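Peer 1: build the 3D model from these lines:
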Amino acid sequence: MAASSICPRCAHETVETVFTSPVPGVWDVLQCRQCLYMWRTTEPARRTRRHLYPEKFRMTPEDIEAAIEVPLVPPLLDPR
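Peer 2: Sure, this is the predicted structure:
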């Protein structure tokens, strides 16, 4: 299956296939080695093509470097 070799989110050029459909040629799941974005090749073009990926979700290497590894979770309410 032909897949883009450029990450839609960060434009990195090292994209690898991490899963392949059990039915040959149906879909692949790709992952960017830089920002870890994953997508299936059958998703809409706005999720798989850099020029259509929403600008507000795009990342730069600086964004990736400054990102926190674990998202902050607000404290749970005290059940008392």
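Peer 1: C-alpha from now on. contacts and neighbour counts both.
Peer 2: OK.
Peer 1: ok, and what's touching stretch 7-24?
Peer 2: When contacts are defined by Cα atoms under 8 Å, 6 or more residues apart in numbering, stretch 7-24 is touched by residues 5-6, 27-35, 37, 47-51, 53, 57-61.
Peer 1: buried subset of these as a ChimeraX selection?
Peer 2: Filtering the contacts of stretch 7-24 down to the buried ones (16 or more other Cα atoms under 10 Å) takes a single ChimeraX command:
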select :6,27,28,29,30,31,32,34,35,47,48,49,50,53
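Peer 1: A helix includes V26, no?
Peer 2: No. V26: not assigned to a helix; according to DSSP: H, G, I helix; E, B strand; the rest coil it is coil.
Peer 1: you'd agree K56 is in a helix?
Peer 2: Yes. Counting by three-state DSSP, K56 is located in a helix.
Peer 1: quick one: which of the contacts of stretch 7-24 sit in strands?
Peer 2: Within the contacts of stretch 7-24, residues falling in strands by DSSP state E are 28-32.
Peer 1: would you convert these into a markdown table that also reports pLDDT and distance to L77?
Peer 2: Listed next are these as a markdown table, based on pLDDT from 0 to 100; distance: Cα to Cα, whole Å:
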| residue | pLDDT | distance to L77 |
| --- | --- | --- |
| D28 | 95 | 41 |
| V29 | 96 | 38 |
| L30 | 96 | 38 |
| Q31 | 96 | 36 |
| C32 | 95 | 37 |
